[in-house]
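Enquirer: Here is my input, please return the structure:
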Amino acid sequence: MKVSKLAANLIGSEIVKIGNEVNDLKAKGAEIANLTIGDLNSNLYPIPAELKEEIQKAYQNNLTNYPPANGLLSLRKEVSKDFKRRWNLDYDANDVLITAGSRPLIYAVYKVIVDEGDKVIYPTPSWNNNHYAYLTSADAVEVKTTPENNFLPTADELRPHLDGAVLLALCSPLNPTGTMFTESQLREICEMILEENSKRGADEKPLYLMYDQIYSNLTFGAKHVDPVSLFPEMREFTIYIDGISKCLAATGVRVGWGFGPTNIIDKMKALLTHVGAWAPKPEQEATAKYYENADNVDTFVNEFKGKLEASLKVLHNGIQDLKGKGLAVESIEPMGALYLTIKIDYIGKTKPDGTVIENSSDLVFYLINDAGVALVPFSAFGEAKSEPWFRASVGGLDIREIEAMMPKLENSLNKLK
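Expert: Numbering: from 1, shown residues only. Reported below is the predicted structural model:
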């Protein structure tokens, strides 16, 4: 039966495909070290106890009707206080928009800025920008990044594509790599955006920057930087994406927020009233109550990210040990988020059954079946399947499981000739 052209040409998620394979094998009794999900095992990493209590209270108090379209004022005020305290970003509560996690915000940014055929720039690898560009019929310009720059785009790599572009989508710390912009890297990009916008007339769209900092509280030593803190003039061009999904281990609680120029935020709010993408009222009420005590937030975040960092270091050191044994692997030292970037350079090798690993997907499914190790190839983030780089998320495993999987990975790689 016929469907819309948009629906007919939607691309399925490679991450979901890998996840289905993992779930099928686990249902048959297989032990799989699942490093695919950008999620958290809630038994290992529960949400803050106080937040859970406040959610339960809100339901008991029957706060189950519609929230305001832009979110509860109490939450928007607390969010505004938090990024003033944390980043010295001064935004009124009316310039904050609450949604069910960050995805509706990203979709809304694309929809209110991008017309059919408008140029949108984003780096590869990056999460889901290719799909949002497709959903908005954008002219997508993918800028391939390099491991030498921690898979983050440089101003020089972006500059040739700026002419006519209306949106640049960036993320730091970056999903899928866990790497972060340095101040000098982001400063050069902001200077370039400001220079580009100074050339545009009043009847032209400016070049907007969507800055996804959903992992900004989960950093390990490196300092998170953001555009408006570096250049106050970037305020009229920058839309921030943030929320509790990652920093409070609350991926399923679905409370995200965006903030930025009043005219853009107001249009995003209007769009999303037709989508119904607001976070549930009890969860909004609870998050507002929880954020009233900034010390509680900081204590939880510091303990939580300490656990993530410890797991990432074990995985990173394990990969480096395999490299020291002569295996064709590499990893980039983690800087933030849940992720380790791993190179497994075995594309073109032959499996024990005589078949050849022709691309990164083949290698993923070989490792799932032979080693019980599941990774996500960078092809799920816009890169070619010939690229030997992979995302490993530690959110679903404890340190002992990571340690136990390393000999299995080593054994499987040694079988490839």
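Enquirer: Nearest spatial neighbour of residue 332, chain-adjacent residues omitted?
Expert: residue 341 (4.4 Å; CB to CB, 6 or more residues apart in numbering). C-betas here are computed from N, CA, C, even on glycine.
Enquirer: Tell me where this structure has helices.
Expert: Taking DSSP state H as the test, the helices found in the chain are 5-8, 14-27, 49-60, 73-87, 103-113, 129-135, 155-158, 183-198, 227-230, 262-273, 281-291, 294-324, 360-371, 399-414.
Enquirer: what's in contact with the last one?
Expert: Helix 399-414 has contacts (CB atoms under 8 Å, 6 or more residues apart in numbering) with 33, 310-311, 314-315, 318, 321-322, 325, 327-329, 344, 346, 366-367, 370-373, 394, 397.
Enquirer: What about the nearest residue to residue 395 once chain neighbours are set aside, how many residues nearby?
Expert: Leaving out its chain neighbours, the residue that sits closest to residue 395 by CB to CB, 6+ apart is residue 40, at 4.1 Å. Other residues within reach of residue 40, judged by other CB atoms under 10 Å, total 24.
Enquirer: give the contact list for residue 40.
Expert: 249, 251, 338, 395-396.
Enquirer: just those residues now: which is nearest residue 211?
Expert: Using CB to CB, residue 338 comes nearest to residue 211 of these, at 19.2 Å.
Enquirer: Residue 234: which of the contacts of residue 40 is nearest?
Expert: residue 338 (27.6 Å).
Enquirer: from what I can see the closest one touches residue 392, true?
Expert: No. Residue 338 lies out of contact with residue 392 (CB atoms under 8 Å); the separation is 9.1 Å.
Enquirer: re the thing from before, tabulate the contacts of residue 40 in a markdown table, adding columns for distance to residue 198 and neighbour count.
Expert: Listed next are the contacts of residue 40 as a markdown table, based on distance: CB to CB, whole Å; neighbours: other CB atoms under 10 Å:
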| residue | distance to residue 198 | neighbour count |
| --- | --- | --- |
| 249 | 42 | 26 |
| 251 | 40 | 19 |
| 338 | 38 | 28 |
| 395 | 42 | 22 |
| 396 | 46 | 21 |
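Enquirer: of the residues you listed, closest to residue 123?
Expert: residue 338 (19.1 Å).
Enquirer: can you pull the pLDDT of that closest one?
Expert: Listed pLDDT for residue 338 reads 97.
Enquirer: How much space separates it from residue 316?
Expert: Distance of residue 338 to residue 316, computed by CB to CB, to the nearest Å: 13 Å.
Enquirer: Distance check, residue 77 against residue 291.
Expert: 9 Å.
Enquirer: low-scoring stretches of the stretch 301-417 of the chain, by residue?
Expert: Within the stretch 301-417 of the chain, not a single segment meets pLDDT under 70.
Enquirer: quick one, what contacts the residue lying closest to residue 35 once chain neighbours are set aside?
Expert: The spatial neighbour of residue 35 that comes closest, neighbours along the chain excluded (CB to CB, 6+ apart), is residue 392 at 4.2 Å. Under the criterion of CB under 8 Å, 6+ apart, the neighbours of residue 392 are 35, 315, 339-342, 375-376.
Enquirer: is it true that residue 397 touches residue 311?
Expert: Yes. With contacts defined as CB under 8 Å, residue 397 counts as touching residue 311 at a distance of 7.0 Å.
Enquirer: end-to-end on stretch 132-147?
Expert: Terminal residues of stretch 132-147 lie 25 Å apart, using CA to CA, to the nearest Å.
Enquirer: Now do that stretch: everything it contacts.
Expert: With CB under 8 Å, 6+ apart as the criterion, stretch 132-147 contacts 6, 9-11, 106-107, 110-111, 114, 116-125, 129-130, 151-153, 157-158, 161, 165, 167, 169, 330, 332, 341, 343, 382-383, 389.
Enquirer: about what we covered before: quickly note the distance from the residue nearest to residue 395 to residue 416.
Expert: Counting by CB to CB - residue 40 and residue 416 are separated by 32 Å.
Enquirer: next one: residue 222
Expert: On the measure of CB to CB, residue 222 and residue 416 end up 35 Å apart.
Enquirer: Ok, residue 10 next?
Expert: Counting by CB to CB - residue 10 and residue 416 are separated by 34 Å.
Enquirer: These two: who's more crowded?
Expert: residue 416 (20 against 13).
Enquirer: I figured the more buried one hits residue 350, correct?
Expert: Yes. Residue 416 lies in contact with residue 350 (CB under 8 Å); the separation is 6.7 Å.
Enquirer: Spell out which residues are contacts of both of these two.
Expert: residue 357.
Enquirer: Could you pull up the residues touching the nearest residue to residue 178 once chain neighbours are set aside?
Expert: Take residue 178 and drop its neighbours on the chain: the residue closest to it by CB to CB, 6+ apart is residue 339, 3.8 Å away. Contact analysis of residue 339 by CB under 8 Å, 6+ apart lists 38, 175-178, 312, 391-394.
Enquirer: If residue 339 is in a bridge, with which residues?
Expert: Listed by DSSP bridges, the beta-bridge partners for residue 339 are residue 393.
Enquirer: Please renumber the chain so that the first residue is 291 from this point on.
Expert: New numbering, starting at 291: the last item is residue 629.
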